[in-house]
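S.K.: Give me a model of this one.
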Amino acid sequence: MPQVTDSPVSTARSTVDLAFFDVDETLITVKSMFRFLEFHYRERGLPPSAYAEAAGELRHRAAAGVSRLRTNREYYRLFAGRSHKELYAHGRAWFDAELAGGSLLHRPVVDALRRHQRDGAMIALVSGSFRPCLEPVAQLLGADVILCSEPETVGGYFTGHLEHPAIGPEKGRLARELMARHAISAPRAAAYGDHASDLDLLRSVGHPVAVGDDLVIGAHVTSVGGHTLPGTRPAVPAEDPALRGSWLPTPER
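M.R.: Residues are numbered from 1 along each chain as shown. You can find the predicted model right below:
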């Protein structure tokens, strides 16, 4: 079994110059894409059945064996014709509502992020989600970089087209590209993920950390002497009052 510790890089923290964090069910306790979609539909005044139908179709196709890459692209088609301004406003409101519930942040991983920050590491969020959901998370936690899915926009409106979903091998590619730009070698980088789709990300670094009990990434961290942190269930309420509420500044666009 991989080593479980409250301080996953305690023996080599000073060697980590860049730490990558998956977001959904790693840094936060929910799947942002589905929770945001439900919130977005509700804010548009659509009936609950509209979300149930859209989410159900995506889950049905995934269960039928449609690839994660394809279902990720299909998810972003649901926003075709919606304005950049609307989606970012809904992203901010969604995040504030989730944060106010008190159980959005996954404390063991947030604590690891804070340790890396104290040691001077650059922090990068890596997610198949998109910026309307991720920018509030990055601002709250002080992340330096967001590597994510980037749906196409034309004239301030989303077209529904997504060329490169930031999942699976794309996460690893984006991580290696960022490391190369900053001349940071794999032994000086760490990565945290909860799912087999994070395997390429974890393989890209010298300090991989599995969050939870996924067998695929668990086997990898075991083979390379990595570490494991508890998963997101049950959710742990945020303890720091400063991390609650709607105090975040509105992002510049």
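S.K.: show me where pLDDT drops low in the chain?
M.R.: Residues of the chain that meet the criterion pLDDT under 70 lie in 1-14, 233-253.
S.K.: mind listing the strands for it?
M.R.: Secondary structure of the chain (DSSP state E): strands at 3-4, 18-22, 122-127, 145-148, 153-154, 157-158, 189-193, 207-211, 227-229.
S.K.: and Leu105, how many residues sit next to it?
M.R.: Using other Cβ atoms under 10 Å, Leu105 has 26 other residues around it. C-betas here are computed from N, CA, C, even on glycine.
S.K.: on that earlier part again, is it possible to export the strands of the chain to CSV including distance to Gln139 and mean neighbour count?
M.R.: Output for the strands of the chain, formatted as CSV (distance: least, Cβ to Cβ, whole Å; neighbours: other Cβ atoms under 10 Å):
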stretch, distance to Gln139, mean neighbour count
strand 3-4, 30, 11
strand 18-22, 14, 27
strand 122-127, 11, 23
strand 145-148, 10, 20
strand 153-154, 21, 12
strand 157-158, 21, 20
strand 189-193, 19, 28
strand 207-211, 22, 28
strand 227-229, 23, 23
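S.K.: okay if I get these as a markdown table plus distance to Trp94?
M.R.: Formatted as a markdown table, the strands of the chain follow (distance: least, Cβ to Cβ, whole Å):
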| stretch | distance to Trp94 |
| --- | --- |
| strand 3-4 | 32 |
| strand 18-22 | 19 |
| strand 122-127 | 15 |
| strand 145-148 | 16 |
| strand 153-154 | 19 |
| strand 157-158 | 16 |
| strand 189-193 | 23 |
| strand 207-211 | 22 |
| strand 227-229 | 26 |
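S.K.: among the ones you listed, which is nearest Ala100?
M.R.: When the strands of the chain are compared for distance to Ala100 using Cβ to Cβ, the nearest one is strand 122-127, at 21.1 Å.
S.K.: From the contact counts, what lies against the closest one?
M.R.: Strand 122-127 is packed against strand 18-22, helix 107-118, helix 131-141, strand 145-148, helix 169-181, with contacts defined by 3 or more Cβ pairs under 8 Å, 6 or more residues apart in numbering; DSSP states H and E.
S.K.: Next up, the contacts around the residue nearest to Gly193 when sequence neighbours are not counted.
M.R.: Closest residue in space to Gly193, ignoring its immediate chain neighbours: Asp22 at 4.2 Å, by Cβ to Cβ, 6 or more residues apart in numbering. Applying Cβ atoms under 8 Å, 6 or more residues apart in numbering to Asp22 gives the contacts Val126, Ser127, Lys171, Ala191, Tyr192, Gly193, Asp194, His195, Asp198, Leu201, Val211.
S.K.: for Glu74, same thing?
M.R.: Leu58, Arg61.
S.K.: ok, 10 Å please
M.R.: Counting by Cβ atoms under 10 Å, 6 or more residues apart in numbering, Glu74 makes contact with Ala54, Glu57, Leu58, Arg61, Ala62, Val66, Gly160, Leu162.
S.K.: now swap in Arg188 and tell me
M.R.: Applying Cβ under 10 Å, 6+ apart, the residues near Arg188 are Ala12, Ser14, Thr15, Val16, Asp17, Leu18, Ala121, Met179, His182, Val205, Gly206, His207.
S.K.: neighbours around Thr232, how many?
M.R.: Thr232 has 23 neighbours, counted by other Cβ under 10 Å.
S.K.: Repeat that for Leu215.
M.R.: 9.
S.K.: Begin at 248, not 1, for the rest of this chat.
M.R.: Right, with 248 as the first residue, what we last looked at is Leu462.
S.K.: which one is it nearest to, not counting chain neighbours?
M.R.: Sequence neighbours aside, Ala443 is the residue nearest to Leu462 in space, at 7.9 Å (criterion: Cβ to Cβ, 6+ apart).
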